[in-house]
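1. here is a sequence together with a model predicted from it:
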Amino acid sequence: MQNRTSTRSIVEAGLLTAINVVLILASIYVPFLYFVGIFLWPIPIALTFLRHNFKYSLLSVIATGAIVAFTVDPITAVSFAIIYGALGLVMGYCIKKQKSVITTFTFMSIVVFISTAVLIKLSNLILGQDILKSMIQMLDESVKITKEIYGGLGVPQEQIDLLLKKLIPSPDIIIMVFPVTMLLYSLMSALVSYLFAYKIFNRFGYKVEKIKPLSQWYIPVKLATAILVIVLVSFILVVTKFPNALSYYYNAQILFSFVFTINGIAAVDFYFIKREMKGFLRFLIIFFIMTSPLSNIIFIIGIMDYIFNYRKLDYKRIRK
């Protein structure tokens, strides 16, 4: 009986490994599928964990990495194993142990952040390739091509330089804000992967806790306090001319803006829903605002909503 169960586990793990390999290959060779596919890569690993255990899911990661190394290249295989393999293992563990959404999301975000940092370090040590410098070089090439295109259309060079200066940060700024960029990437990756997991795993009969609708998101007092302390400390470091203080300040400012902008989007969505506005129309309006000079209004709304608790979602701050 035990041998039969073991054989079944191996067969199912092999099948899910094959599905994962197909997902990876499709994502790589069909470009428009890539940005969806990368969020699906952890799903078969997590499903293997749910249906069996850590051992089989880890074997699935190793087998998938080996196949991808032979069919694509070793770098993609290592990237999958370190980032998405680890993410799938943590996701499967948290869902199997019925952890809360916040706990699962936090663990997933931490894993993405750490594994991305490890991958960057390994790339630098083993391949001698600085990923950040490579990104800056690619950006410089894009800027040159853009200048040539607009110059060919007769746009004055001064206007081109002014436009690019507004849209594209300098290499020094990119290097300084890279830590917070990695953090935001980790949060978004964990969120999207969890949303896919919720849709897929519930169809397989696994209970995955649903994330609250965007309109119900709010900033808890502890989180707001922590962010404000980080901003204040970074500002003090700048004033006291502490080494690399400007880098800390920029990172703190971006984190502050991001969090309160998300809160502003949630507040706007909340009031649109109260007025029974359709989902697609809400999305279009918010998207238009966020991609226009009016985007600062969303940030201000987010701050005001937090200060006055207009939506009354943070029950701890409601006076009885």
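-> Good, I have the coordinates.
2. from Thr48, how far off is Leu89?
-> 9 Å (C-beta to C-beta, to the nearest Å). Where C-beta positions appear, they are placed from N, C-alpha and C, glycine not excepted.
3. more crowded one of these two?
-> Thr48 (29 against 21; other C-beta atoms under 10 Å).
4. the more buried one is in contact with Ala13, isn't it?
-> Yes. Contact criterion C-beta atoms under 8 Å: Thr48 and Ala13 qualify, at 5.2 Å.
5. what's the overlap in contacts for these two?
-> Residues touching both Thr48 and Ala13 (C-beta atoms under 8 Å, 6 or more residues apart in numbering): Tyr56, Ser57, Ser60.
6. what strand or helix carries the first one?
-> With elements taken from DSSP states H and E, the one containing Tyr56 is helix 54-71.
7. can you list the buried residues in that helix?
-> Tyr56, Ser57, Leu58, Leu59, Ser60, Val61, Ala63, Thr64, Gly65, Ile67, Val68, Ala69 (16 or more other C-beta atoms under 10 Å).
8. retrieve the pLDDT associated with the second one.
-> This means Ser57. The score at Ser57 is 85. That number is its pLDDT.
9. show me the contacts for it.
-> Ala13, Ile45, Ala46, Thr48, Phe49, Gly88, Leu89, Gly92.
10. show the pLDDT at the nearest residue to Leu58 once chain neighbours are set aside.
-> In space, and not counting its chain neighbours, Leu58 is closest to Leu89: 6.9 Å by C-beta to C-beta, 6 or more residues apart in numbering. Per-residue confidence (pLDDT) for Leu89: 91.
11. work out for me the element Leu89 sits within.
-> Using DSSP H and E, the element containing Leu89 is helix 86-96.
12. what of Ile173?
-> Per DSSP H and E: helix 171-176 holds Ile173.
13. if we can go back for a sec, list of residues touching the helix or strand following the helix holding Tyr56?
-> Where DSSP H and E defines the elements, the next helix or strand beyond helix 54-71 is helix 74-79. With contacts defined as C-beta under 8 Å, 6+ apart, helix 74-79 is touched by Ile24, Ile28, Gly65, Ala66, Val68, Ala69, Leu119, Leu122, Ser123, Leu127.
14. the second one and Phe80 touch, don't they?
-> Meaning Ile28. No. Here Ile28 does not reach Phe80: they are 10.3 Å apart, not a contact under C-beta under 8 Å.
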